[in-house]
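Engineer: Coordinates for the following, if possible.
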Amino acid sequence: MMKIKKILLILLLLSMLPLAHASAQQARTFFKKVERTRQKINFARDIQLTANNPEAGRLIRMADANLRRAVAAAKKRRRLGAVRNLRKAEEAVNSALKILFRENIENRRRRLEKLIKDAEQLVQTRDNEEAKKFFGDGLKNKGLAIKFLRENNFRKALFHYNKAVFLLKKSITVARNEDKSTAQVAEDEAYRYSQFYEKNKKELLDSTHPGVKKNVDLAQKIAQKADRARQDGKFQEAIDFYHQATRLLSRALNIASGKENKMESRADEEVALLDELVENLEKQMPPETRDEMSEFLISQIQLLQENAHIFLKEQKSDEAIRNANMARNLAERLLKKRRIPE
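Structural biologist: Okay, the predicted model is just below:
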């Protein structure tokens with residue numbers, strides 16, 4: 001009789017093993033979903049730092065609260081409550097991301113429409129095939145962006161809007177420089193920078209003001225980047241770097257001669273530091289290594305970087321600093337996340 005009882009007990013325990021295994025598997029799947037949702041919430045928070053959209057903020061808070069409830073229910077083995085709250089968290093964060101993607105895309109779309117108007121006026125008055133090709137390719141990418149936007153594929157829509165902006169800017173640059181090759185313009189800017197430095201070298205190096213040395217050192221670093229870009233055939237990039245380096249030398253000269261504008265000086269430094277950080281970010285995270293979240297954040301950083309440069313040229317120092325700081329905060333957070341092991 002005892003043997004029969006033992007056998008029945010063993011059979012009962014054996015029959016429960018698949019259920020225990022299934023339960024453990026369900027728990028692992030559940031907590032993987034929790035982690036994915038948490039990552040989405042953190043991603044949405046990063047974007048919200050610059051977007052500051054009230055509805056998206058409300059949805060992010062709702063998602064976070066529901067995720068916490070889901071985890072608490074799971075710990076108390078309330079499976080239905082855990083699953084229900086996790087689903088609510090996923091729905092809320094997905095809705096927030098949809099709003100944030102749309103807002104970012106809308107900003108890019110407005111920028112693109114302005115570029116198209118500028119390019120049309122310039123390109124149509126010039127007989128430059130290269131500029132026309134860039135313009136046409138830009139319009140094609142705008143069409144693709146609209147197509148993906150209609151399909152709610154926000155990542156691809158943003159990618160093509162970014163590409164369209166890049167191509168339209170190229171068409172404008174080529175059209176403006178048609179009387180002189182971009183390589184020649186880069187060479188002229190290199191000469192202008194070196195002449196400016198040589199002419200004012202004594203006053204710059206004799207100054208004991210720490211702000212002078214800081215700006216001169218930064219200018220020389222950026223000029224070296226310009227030289228490398230020119231050697232690599234990236235002439236427009238080199239031109240932009242030479243402009244920035246010359247502007248920093250001019251700022252250093254103003255400080256040395258007592259004509260310093262502190263706000264303008266700070267704006268130049270902030271934007272230069274941002275450019276260095278973004279260059280480092282792009283080296284560490286080339287396009288083929290980025291996931292959807294990283295790609296989106298980098299596009300947001302590049303948009304803020306572009307705005308900072310525009311405000312700098314328009315001498316709106318406070319706006320340049322604000323955009324540079326927001327971009328740097330996002331870039332630093334992204335680099336920090338990359339350093340943290342999974």
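Engineer: Tell me the gap between stretch 41-48 and the middle of its chain.
Structural biologist: Relative to the centre of its chain, stretch 41-48 is centred 13 Å away, using CA atoms, centre = their mean, to the nearest Å.
Engineer: oh, I was asking about stretch 276-287
Structural biologist: 10 Å.
Engineer: Buried residues of that stretch, list them for me.
Structural biologist: Residues 277-278, 281, 285 are the ones in stretch 276-287 that count as buried (16 or more other CB atoms under 10 Å). Any C-beta I mention is one placed from the backbone N, CA and C, and that applies to glycine too.
Engineer: what about residue 67, helix or strand, and which?
Structural biologist: helix 54-75 (DSSP states H and E).
Engineer: do residue 282 as well
Structural biologist: In the assignment (DSSP H and E), residue 282 maps to helix 262-284.
Engineer: In terms of secondary structure, what does that helix contact?
Structural biologist: On a contact count with 3 or more CB pairs under 8 Å, 6 or more residues apart in numbering; DSSP states H and E, helix 262-284 meets helix 210-231, helix 235-256, helix 292-313, helix 317-339.
Engineer: Mean neighbour count, these: which tops it?
Structural biologist: helix 235-256 (a mean of 22; mean count of other CB atoms under 10 Å).
Engineer: thinking again about what came up before, name the residues that touch the helix holding residue 282?
Structural biologist: By CB atoms under 8 Å, 6 or more residues apart in numbering, the surrounding residues in contact with helix 262-284 are 211, 214-215, 218, 221-222, 225, 244, 247-248, 251, 254-255, 298, 301-302, 305, 308-309, 311-312, 315, 317-318, 320-321, 324-325, 327-328, 331-332, 334-335, 338.
Engineer: and the end-to-end length of stretch 256-263?
Structural biologist: One end of stretch 256-263 to the other measures 16 Å (CA to CA, to the nearest Å).
Engineer: average pLDDT across that stretch?
Structural biologist: The pLDDT scores in stretch 256-263 average 68.
Engineer: Stretch 125-134 too?
Structural biologist: On average, stretch 125-134 scores 80.
Engineer: how long is that stretch from one end to the other?
Structural biologist: Terminal residues of stretch 125-134 are spaced 15 Å apart (CA to CA).
Engineer: Counting neighbours, which bits of that stretch end up buried?
Structural biologist: Buried residues in stretch 125-134 (16+ other CB under 10 Å): 128, 131-132, 134.
Engineer: Equivalent analysis for stretch 171-187, please.
Structural biologist: 171-175, 177, 182, 185-187.
Engineer: Inside helices: which ones of those?
Structural biologist: 171-175, 182, 185-187 (DSSP state H).
Engineer: Nearest to residue 52 among these?
Structural biologist: The shortest approach to residue 52 among these belongs to residue 172, at 30.7 Å (CB to CB).
Engineer: low pLDDT regions in the stretch 201-342 of the chain?
Structural biologist: 259-262, 287-288, 292, 336-342 (pLDDT under 70).
Engineer: returning to that earlier point: now tabulate the buried residues of stretch 171-187 in TSV and tack on pLDDT and distance to residue 60.
Structural biologist: Below are the buried residues of stretch 171-187 laid out as TSV (pLDDT from 0 to 100; distance: CB to CB, whole Å):
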residue	pLDDT	distance to residue 60
171	84	39
172	83	38
173	78	39
174	77	42
175	78	43
177	68	45
182	73	44
185	79	46
186	83	45
187	86	50
